[in-house]
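> following is a predicted model, sequence given first.
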Amino acid sequence: MKYDKNSYKQVVSEHTPKNNMLKNCVWAFIFGGAICLLGEIIKNIFVSGFNVPEKDAAPMTSVALIALSALFTGIGWYDKLGKKGGAGTVVPITGFANSVVSPALEFKREGFILGTASNIFKLAGPVLVFGYFSAFIVGLLSLLFK
């Protein structure tokens, strides 16, 4: 069966899933906000429950969120949250932790060195490189224009 350009476009549009951008944005907002709310709850527990100074509770909260994200990735919950929450689960620090743990789990069958260790930063590596490069450029511009 041969298709011309217009009939091919029609077949593709019929079989392409429809994307509801407003609904996706609302879910991303809800999930991203829920992750931030969880972070605030954890920080308040550190400050109120354990009498940790607020300046020390902030990095402890980040570590707790990273640990929870890694745990949820390991047991398969984070992917399920990500399917519903979209960008709301990717943008916060938890999404970065997920991008580190996912390849580690995927390649663990190939061994620790050639599997996990060599692939752990497969997704997160470019983010780190461009983050460091951007920080360098901003620092350099700040130094030059101060």
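Good, I have the coordinates. Numbers count the residues shown, from 1 in each chain.

> so which bits of stretch 70-84 are buried?
Across stretch 70-84, burial judged by 16 or more other Cβ atoms under 10 Å covers A70, F72, T73, Y78, L81, G82. Every C-beta, even on glycine, is put in place using the N, C-alpha and C of the backbone.

> would you reformat the residues you listed as JSON lines and include distance to V127?
Output for the buried residues of stretch 70-84, formatted as JSON lines (distance: Cβ to Cβ, whole Å):
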{"residue": "A70", "distance to V127": "16"}
{"residue": "F72", "distance to V127": "19"}
{"residue": "T73", "distance to V127": "16"}
{"residue": "Y78", "distance to V127": "17"}
{"residue": "L81", "distance to V127": "20"}
{"residue": "G82", "distance to V127": "16"}
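
> quick one: which of the residues you listed is nearest to I35?
When the buried residues of stretch 70-84 are ranked by distance to I35 (Cβ to Cβ), L81 comes first, at 9.1 Å.

> can you pull out the helices in this structure?
For the chain, applying DSSP state H gives helices covering 5-15, 21-44, 50, 54-74, 77-85, 87-90, 93-106, 118-119, 124-144.

> what distance do you get for the residue nearest to V90 when sequence neighbours are not counted to L128?
Once flanking residues are discounted, V90 sits nearest to G82: 6.9 Å by Cβ to Cβ, 6 or more residues apart in numbering. Between G82 and L128 the distance is 20 Å, computed by Cβ to Cβ, to the nearest Å.
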